[in-house]
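>>> Everything below, folded, please.
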Amino acid sequence: MNDLAPLLTPEGRALLDEVRDTDPAQELAVATRLRREHPAELVSAALGQARLRQRAAVKFGAEDARRMFFTPDGVEQSTRVSVAAYRAGRMAALGVTSVADLCCGIGGDAIALARAGIRVLAVDRDPRTAEAARANAEALGLAELIEVREADVADVDTAGYDAVFADPARRGGRGRIFDPEAYSPPLSWAVAAARRAPHAALKVAPGIPHEAVPQDAEAEWISDGGDVKEAVLWFGTAPGAVRATLLPGPRSLLSRGLPDPEVRPPGRYLYEPDGAAIRAHLVAEVAEEVGGGLLDATIAYVTADTLHPTPYATAYEITDHLPFNVKKLKALLRERRVGTLTVKKRGSAVEPEELRRKVKPQGPHAATVFLTRVAGAPAMLVGHPARESGPPGGPARQR
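Numbers count the residues shown, from 1 in each chain. Below you'll find the predicted structure:
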């Protein structure tokens, strides 16, 4: 079905409630039964919407997702609720009371802004997407704060709004789009729109080149639960600032313009910086926090002799440092009776699954192996997640 209107009728809503928890394996039997009493297209649309709601629960939470309306692209491209709520909170803290949300999609960000008490004009040019955004505002009781307009964002006058939020489409017919000027609309258009407002936030891909960030923007990389979700270009905040923000929290690490850390031999601890800190080029700030240096000048692994817990990196205690040699690693794991092996890599062409097949871990214990380079040489570091307290230990053993 090309629109959501039939699902918004009393019959459609009742049908959605009936199929809400349908197991995908039972869809055919459920559809056959329901088509005896309802139009076939409506049954198909309801079951399709139920599948989308189940997928969307990861991003929106089960309580909201079961009431909302989705399109396939909307589920895929919408912002996770925790990230949207954080961004809306920043807007509210700036004193923003009204936002023009350009390229609003199914309304995920508009919902977060409205829940922060901000009035929203939500704009999307796709009729079905705009219809979903309008239905979602009504379903969640936010229609008084969210006006949905079906229009081309280039035709929208944002004067009179405290802020602009834009989320240009970064997917095309061939998948992800990496060139910011190939976004729809292009990043340059979104930047121009941002500069016309007192405040603005532009959602961009976390892989955006740093040289593409305008000098008058603050660049923020956001991770949620350790996964990098997006980058945001803020206008009207702190021009030139760079930060990594970790959720939940939030916790933010600001760039201090530090020089690259020195390269050191492997110490007792290895720190794996959060992906947002790596994307924001803040590995030096992480290294300073833990009093560490780099294993290799080109790789974002930090090493130190002491444990300094930090939210911006995961610490591992390293027990062994080996040159890259699969046979030696296999012998070590057999000696330690390691059956659960976590493989992490930076600067290595070896795939984790390939290594697991070769070493065939067996036993009751667990270990983590890092495939990386130490001062340019291929190496393997073996250890386990660090504990904040425990028996003293020495540096990693060379093998």
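>>> what's near enough to touch A85?
112, 115-116 (C-beta atoms under 8 Å, 6 or more residues apart in numbering). Glycine gets a C-beta too; all of them are placed from N, C-alpha and C.
>>> Not counting residues beside it along the chain, what's closest to A5?
Distances taken as C-beta to C-beta, 6 or more residues apart in numbering put E131 closest to A5, at 7.4 Å, once the chain neighbours are dropped.
>>> again, but for I278
A300 (4.9 Å).
>>> repeat for A135
With sequence-adjacent residues excluded and distances taken as C-beta to C-beta, 6+ apart, A135 is closest to F69, at 4.4 Å.
>>> For the stretch 51-200 of the chain, which segments count as helices?
62-65, 72-77, 81-93, 108-115, 127-139, 187-195 (DSSP state H, counting those that start in this stretch).
>>> Please list all residues in contact with the closest residue to D162 other than its chain neighbours.
Closest residue to D162 apart from its sequence neighbours, by C-beta to C-beta, 6+ apart: V96 at 4.4 Å. Contacts for V96 were tallied using C-beta under 8 Å, 6+ apart; they are 118, 162-163, 199.
>>> Looking at those, state which has the most neighbours.
Among the contacts of V96, A163 has the most neighbours (other C-beta atoms under 10 Å), with 25 neighbours.
>>> Next one, pLDDT for the one residue sitting closest to the centre of the chain please.
What sits nearest the mean C-alpha location of the chain, by C-alpha atoms, centre = their mean, is K229, with 1.6 Å. Predicted confidence (pLDDT) for K229: 94.
>>> my read: it touches K203, true?
No - K229 is beyond contact range of K203, at 9.6 Å (criterion: C-beta atoms under 8 Å).
>>> Which neighbours do these two have in common?
Counting by C-beta under 8 Å, 6+ apart, the residues touching both K229 and K203 are T79.
>>> Quick one: neighbours of E353, just the number.
9.
>>> quick one: contacts for it?
Contacts of E353 (C-beta under 8 Å, 6+ apart): none.
>>> Please shift the residue numbers so they start at 697 in all later answers.
Taking 697 as the first residue, the last one we looked at is E1049.
>>> what's the pLDDT at it?
E1049 carries a pLDDT value of 94.
>>> separation between it and A835?
Distance, E1049 to A835, using C-beta to C-beta, to the nearest Å: 43 Å.
>>> Next, give phi and psi for the closest residue to G785 other than its chain neighbours.
Leaving aside its sequence neighbours, G785 sits nearest to A812 (C-beta to C-beta, 6+ apart; 6.1 Å). Phi and psi for A812, reported as degrees, to the nearest 10, are phi -90, psi 10.
>>> pretty sure A812 contacts A788?
Yes - contact status for A812 versus A788: in contact at 4.4 Å, counting by C-beta under 8 Å.
>>> Looking at those two, which one has more neighbours?
A812 (21 against 15).
>>> Find the nearest non-adjacent residue to Q911, please.
Closest to Q911 by C-beta to C-beta, 6+ apart is G936, at 6.3 Å.
>>> Could you pull up the contacting residues of the one you found?
With contacts defined as C-beta under 8 Å, 6+ apart, G936 is in contact with 911-914.
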